[in-house]
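Peer 1: how would this look folded up:
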Amino acid sequence: MNSYSIPPLSTIINDELQQKIDTKTKPPGSLGKLESLALQVGRIQNTLSPELRNPSILVFAGDHGITEEGVSPFPQEVTAQMVLNFLQGGAAINVFCRQHSISLHVVDAGVKADFPENPDLVAAKIGRGTKNFAQQSAMSKAECEQAFSKGAELSRTLPEAECNVIGFGEMGIGNTSSAAALMQRLTGLPLEDCVGKGTGLDDSGLVRKREILQKALDLHKEIVEPQEVLATFGGFEIAMMVGAMLESAVLGRILLIDGFIATSAFLAASRIVPEIQQYAVFTHQSDERGHAAMLKYLDAEPLISLGMRLGEGTGAAVAYPLLQSAVAFLNEMASFESAGVSDRSDGE
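Peer 2: Residues are numbered from 1 along each chain as shown. Prediction:
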């Protein structure tokens with residue numbers, strides 16, 4: 001497994017950044033989360049004048065053997081069909097990336113289908129879907145390491161030069177089951193708090209999904225080390241995302257973390273290298289059951305909560321303009337002194 005050295009952020013610039021934020025022409029704290037976001041971006045870039053360059057989103061696609069157990073109402077073929085939709089520009093993530101001028105890269109991390117050559121598809125298939133983790137480990141240790149390494153490589157090579165803000169999305173029928181199992185084993189929270197309806201299970205389907213995942217967790221009850229947990233319950237797209245997140249933090253980028261599945265990948269990454277959390281912006285709270293509890297476990301406050309639960313990186317794309325606003329006010333808003341406006345220490 002690669003060794004990732006993520007330096008903790010320097011605290012030297014904190015006071016200067018906070019002073020710059022506090023002396024803008026506004027009451028202290030009146031821009032709410034935008035102020036803490038501006039502080040975080042400035043700290044990551046170690047500057048009083050941060051900038052966002054060449055934003056990118058990487059969408060990793062992979063299939064899951066656990067679908068053999070009937071954990072999703074959608075057939076496995078939908079994963080490949082949605083990849084083709086991405087390539088045709090017709091998915092929600094395509095729309096939002098175009099809207100906000102974010103470059104989009106689609107990666108076949110392990111789809112159980114063959115695709116024709118396409119310049120917009122990154123062929124990085126580790127295998128044709130994972131194995132059924134209700135019966136055996138989803139992937140071997142070697143496959144997990146290969147996915148890590150490939151994700152790290154793609155985070156370096158796919159985004160445009162000078163990219164300093166990167167988001168992560170996914171597509172994979174069955175991957176809410178994988179994410180729920182990862183969440184339960186890595187947090188120790190009750191399984192019922194981790195499992196949701198995914199792509200639209202009814203109540204009886206949700207009960208069955210819980211039962212299947214509980215049996216799988218019991219089968220692998222000795223597995224507790226984070227990388228082994230990822231190999232046992234993860235997907236190729238999730239493992240590749242972990243490698244890409246870790247490498248992007250090494251490169252000093254701002255990480256835009258999407259919803260339930262992307263946050264489960266981040267959870268695994270943070271258990272491997274805790275320092276990664278300083279680089280993460282949790283863009284939204286998914287409506288998928290378990291995401292709010294996972295964010296709470298990570299002590300993470302999402303920027304928005306719109307009832308979304310689509311995946312694909314859509315929450316990251318929709319929230320990106322908030323980063324632009326945070327950077328813009330920090331760089332362009334007048335201070336009390338420059339505007340000749342009295343602040344509250346000047347009189348009242």
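Peer 1: can you give me the end-to-end distance of stretch 69-87?
Peer 2: 29 Å (CA to CA, to the nearest Å).
Peer 1: Same check on stretch 245-259?
Peer 2: 14 Å.
Peer 1: likewise stretch 119-134?
Peer 2: 36 Å.
Peer 1: Check whether residue 168 really touches residue 315, as I assumed.
Peer 2: No: using CB atoms under 8 Å, residue 168 makes no contact with residue 315, being 10.5 Å away. From N, CA and C alone the C-beta is placed, and that goes for glycine too.
Peer 1: what's around residue 8, how many residues?
Peer 2: 8 (other CB atoms under 10 Å).
Peer 1: Quick one: classify it as helix, strand or coil.
Peer 2: Remark: residue 8 carries the secondary structure label coil [criterion: DSSP: H, G, I helix; E, B strand; the rest coil].
Peer 1: Helix, strand, or coil at the closest residue to it other than its chain neighbours?
Peer 2: Nearest residue to residue 8 in three dimensions, chain neighbours excluded: residue 275, at 5.2 Å (CB to CB, 6 or more residues apart in numbering). Classification of residue 275 by three-state DSSP places it in helix.
Peer 1: what's the distance between residue 275 and residue 6?
Peer 2: From residue 275 across to residue 6, the span is 4 Å (CB to CB, to the nearest Å).
Peer 1: which stretches of the chain aren't confidently modelled?
Peer 2: Scanning the chain for pLDDT under 70 picks out 1-2, 344-348.
Peer 1: Tell me how it divides into domains.
Peer 2: Residue ranges of the domains in the chain are recorded as 14-51+329-346, 56-322, according to automatic domain parsing.
Peer 1: just the helices in the stretch 101-250 of the chain please.
Peer 2: 141-157, 175-187, 203-219, 226-233, 236-250 (DSSP state H, counting those that start in this stretch).
Peer 1: So for residue 164, which of those helices sits nearest?
Peer 2: helix 236-250 (9.6 Å; CB to CB).
Peer 1: Would you point to the one among the domains of the chain that's packed deepest?
Peer 2: domain 56-322 (a mean of 21; mean count of other CB atoms under 10 Å).
Peer 1: Find the residues that touch each one of residue 275 and residue 6.
Peer 2: Shared contacts of residue 275 and residue 6, defined by CB atoms under 8 Å, 6 or more residues apart in numbering, comprise residue 249.
Peer 1: ok, back up a step: nearest to residue 13, of the helices of the stretch 101-250 of the chain?
Peer 2: Closest among the helices of the stretch 101-250 of the chain, using CB to CB: helix 236-250, at 18.2 Å.
Peer 1: helices or strands next to that closest one in the packing?
Peer 2: Applying 3 or more CB pairs under 8 Å, 6 or more residues apart in numbering; DSSP states H and E, we find helix 236-250 packed against strand 56-62, strand 103-110, helix 141-157, strand 165-171, helix 175-187, helix 226-233, strand 254-257, helix 260-272.
Peer 1: when you compare where the third one runs with where helix 226-233 runs, what's the angle?
Peer 2: Following axes from the mean of the first three to the mean of the last three CA atoms, to 10 degrees, one obtains 110 degrees for the angle between helix 141-157 and helix 226-233.
Peer 1: so how far is helix 141-157 off the chain centroid?
Peer 2: From the chain centre to the centre of helix 141-157 is a distance of 16 Å (CA atoms, centre = their mean, to the nearest Å).
Peer 1: Now do it against strand 165-171, angle only.
Peer 2: Going by the same axes, to 10 degrees, helix 141-157 makes 140 degrees with strand 165-171.
Peer 1: Could you figure out how far helix 141-157 is turned away from helix 236-250?
Peer 2: Interaxial angle of helix 141-157 relative to helix 236-250 (the same axes, to 10 degrees): 50 degrees.
Peer 1: do the first one as well
Peer 2: Strand 56-62 and helix 236-250 are oriented at 150 degrees to each other (the same axes, to 10 degrees).
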